[in-house]
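Peer 1: Kindly return the folded structure for what I paste below:
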Amino acid sequence: MRLSSVIKNHATPRAILRRWAVAQAGKRVQAGPFRGMHYIDQAFGSAYVPKVLGTYERELYPVLEEVLSADYDTLIDVGVAEGYFAVGMAGRSQARVVGYECDAAATAMAKELARLNNVENQIEMRGECTPAELEGLIASSAKPFLLCDVDGYETELLDPRRVGSLTRCAMLVELHEFARPGVTAEFLRRFGATHDIEILWQSPRTAADFPFEGVLTRLLPSRYRRHMVDELRPSEQSWLWMTPKAPQAAAA
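Peer 2: So this is what the prediction gives:
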């Protein structure tokens with residue numbers, strides 16, 4: 001390994017602040033609905049430090065608190081990655097949790113995170129989530145909740161013409177307009193008649209969101225602290241929170 005790579009990965013102010021922040025957190029989530037959750041050493045396909053600091057996708061926290069205080073019997077997470085949401089929900093709820101993740105490495109990480117938090121027996125990990133698979137799961141649930149982050153596949157998966165039970169399912173869906181332009185308008189068209197829909201927009205992160213103070217935070221410019229809580233997304237992110245207009249009927 002080149003010396004320049006070593007310096008870049010380990011000796012820059014940003015790298016030093018990152019290690020210090022994780023050490024200060026004790027690898028436990030610091031804020032949000034999953035505060036106190038033990039965390040593994042890495043994330044899969046997303047920023048790691050914001051998860052430990054508890055600022056990751058904080059726009060969703062009020063919705064998640066609402067979900068976790070309700071009587072959903074099945075919590076579905078499509079696109080589990082290393083398990084931040086699936087394991088976090090399992091730690092806060094007695095409901096059945098079913099997670100879908102196609103990547104073997106991510107699945108192994110999610111199982112490790114579940115074991116670390118003593119919820120491995122509460123989470124059922126599955127592989128690919130097809131429309132037929134999703135229909136079977138939702139149809140067999142009395143009151144399902146679906147969390148979906150699948151990098152553009154949501155257009156194919158969440159189609160009520162193929163998954164009819166979606167009409168009675170509460171859904172929190174991450175949209176990917178940068179990958180699928182027009183997906184927001186399409187989902188408003190698909191579900192406008194059956195669901196009350198709220199669009200959630202990403203809010204800016206600032207240095208004030210960094211939870212720790214010390215010598216490093218006093219010496220380094222504030223942009224370093226802001227970077228620690230930044231999710232480094234390619235564009236402004238949005239989500240749809242969709243709740244059925246009609247009462248959810250129990251499965252036949």
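
Peer 1: From R35, how far out is P62?
Peer 2: Per C-beta to C-beta, to the nearest Å, P62 is found 15 Å from R35. All C-beta spots, glycine's among them, are computed from the backbone N, C-alpha and C.

Peer 1: R18 too?
Peer 2: In terms of C-beta to C-beta, R18 sits 20 Å off from R35.

Peer 1: now L232
Peer 2: For L232, the distance to R35 - C-beta to C-beta - is 23 Å.

Peer 1: residues contacting C169?
Peer 2: When contacts are counted by C-beta atoms under 8 Å, 6 or more residues apart in numbering, C169 touches I138, P144, F145, L146, P244, Q248.

Peer 1: Residue ranges in the stretch 1-150 of the chain under the pLDDT threshold?
Peer 2: Residues of the stretch 1-150 of the chain meeting the criterion pLDDT under 70: 1-10.

Peer 1: Which of the helices or strands spans the residue positioned nearest the centre of the chain?
Peer 2: Centroid-nearest residue in the chain: F85, 4.9 Å away (criterion: C-alpha atoms, centre = their mean). Assigned by DSSP states H and E, F85 belongs to helix 84-92.

Peer 1: residue contacts, E133?
Peer 2: Y100, R126.

Peer 1: do the same with the one 5 residues further on
Peer 2: Under the criterion of C-beta under 8 Å, 6+ apart, the contact list for I138 reads T74, I76, P144, L146, V163, S165, L166, R168, C169.

Peer 1: Over to it. Which of the three states is it?
Peer 2: helix (DSSP: H, G, I helix; E, B strand; the rest coil).

Peer 1: SS state for the closest residue to it other than its chain neighbours?
Peer 2: If the residues on either side of it in the chain are set aside, I138 comes closest to S165, at 3.9 Å by C-beta to C-beta, 6 or more residues apart in numbering. Under three-state DSSP, the three-state class of S165 is helix.

Peer 1: what residues are up against S165?
Peer 2: So S165 contacts E135, I138, A139, P144 (C-beta under 8 Å, 6+ apart).

Peer 1: hmm, try it at 10 Å
Peer 2: Contact analysis of S165 by C-beta atoms under 10 Å, 6 or more residues apart in numbering lists L134, E135, G136, L137, I138, A139, S140, S141, P144, A251.

Peer 1: got those as a markdown table, with distance to D209 columns?
Peer 2: As requested, the contacts of S165 are exported to a markdown table (distance: C-beta to C-beta, whole Å):
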| residue | distance to D209 |
| --- | --- |
| L134 | 35 |
| E135 | 40 |
| G136 | 41 |
| L137 | 36 |
| I138 | 36 |
| A139 | 41 |
| S140 | 40 |
| S141 | 36 |
| P144 | 33 |
| A251 | 42 |
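
Peer 1: where does Q237 land on pLDDT?
Peer 2: At Q237, the model reports a pLDDT of 88.

Peer 1: For burial, what's the neighbour tally of it?
Peer 2: Residues lying near Q237 (other C-beta atoms under 10 Å) number 18.

Peer 1: I'd assumed T184 was in contact with it.
Peer 2: No - counting by C-beta atoms under 10 Å, Q237 stays clear of T184, with 11.5 Å between them.
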